[in-house]
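K.L.:
Requesting a structural model of the entry that follows:
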Amino acid sequence: MSLNTLNAKHTECSPVTPASPKAGFVTAITNTILTWQERANMRHNLAQLDQENLNDMGIDHRFVQSEIKKPFWQS
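P.N.:
Numbering: from 1, shown residues only. Presented below is the predicted three-dimensional model:
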């Protein structure tokens, strides 16, 4: 039995169904919420760093203060 015969016998095609507009909306909302949560977590972690760590990363204290004051929805 040839490889082409095997592939022909074991290949099944399922119809492609477009995603519903509702699913796209839910995905967009979920991604937005996850982005906001990630920003909030990163800003919280940034606020916890001591000056030595900030110096090692080359981050200025003024930048940290301006960044951690931003609301979670602002990039």
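K.L.:
buried stuff in the host helix or strand of Ile29?
P.N.:
For Ile29, the element it lies in under DSSP states H and E is helix 21-48. The neighbour-count criterion (16 or more other C-beta atoms under 10 Å) identifies 39, 43, 46 as the buried residues of helix 21-48. Using the backbone N, CA and C atoms, a C-beta is placed for each residue, glycine as well.
K.L.:
tell me the mean pLDDT for the helix or strand following that helix?
P.N.:
Moving toward the C-terminus from helix 21-48, the next helix or strand (DSSP H and E) is helix 51-57. On average, the pLDDT along helix 51-57 is 95.
K.L.:
which helices and strands sit right next to helix 51-57?
P.N.:
Applying 3 or more C-beta pairs under 8 Å, 6 or more residues apart in numbering; DSSP states H and E, we find helix 51-57 packed against helix 61-68.
K.L.:
tilt between the helix holding Ile29 and helix 61-68?
P.N.:
Interaxial angle of helix 21-48 relative to helix 61-68 (axes from the mean of the first three to the mean of the last three C-alpha atoms, to 10 degrees): 150 degrees.
K.L.:
Which neighbouring elements make contact with helix 21-48?
P.N.:
When contacts are defined as 3+ C-beta pairs under 8 Å, 6+ apart, helix 21-48 packs onto helix 61-68.
K.L.:
Below-threshold pLDDT in the chain: ranges please.
P.N.:
Applying pLDDT under 70 to the chain flags residues 1-19.
K.L.:
center of it, which residue is that?
P.N.:
Thr35 (5.9 Å; C-alpha atoms, centre = their mean).
K.L.:
and of the buried residues of helix 21-48, the nearest to Lys22?
P.N.:
Of all the buried residues of helix 21-48, Arg39 has the smallest distance to Lys22: 26.3 Å, by C-beta to C-beta.
K.L.:
how near is the residue nearest to the centre of the chain to Ile29?
P.N.:
To Ile29, Thr35 is 11 Å away according to C-beta to C-beta, to the nearest Å.
K.L.:
Please apply the same query to Ala40.
P.N.:
Look at Ala40 and Ile29: by C-beta to C-beta, they are 17 Å apart.
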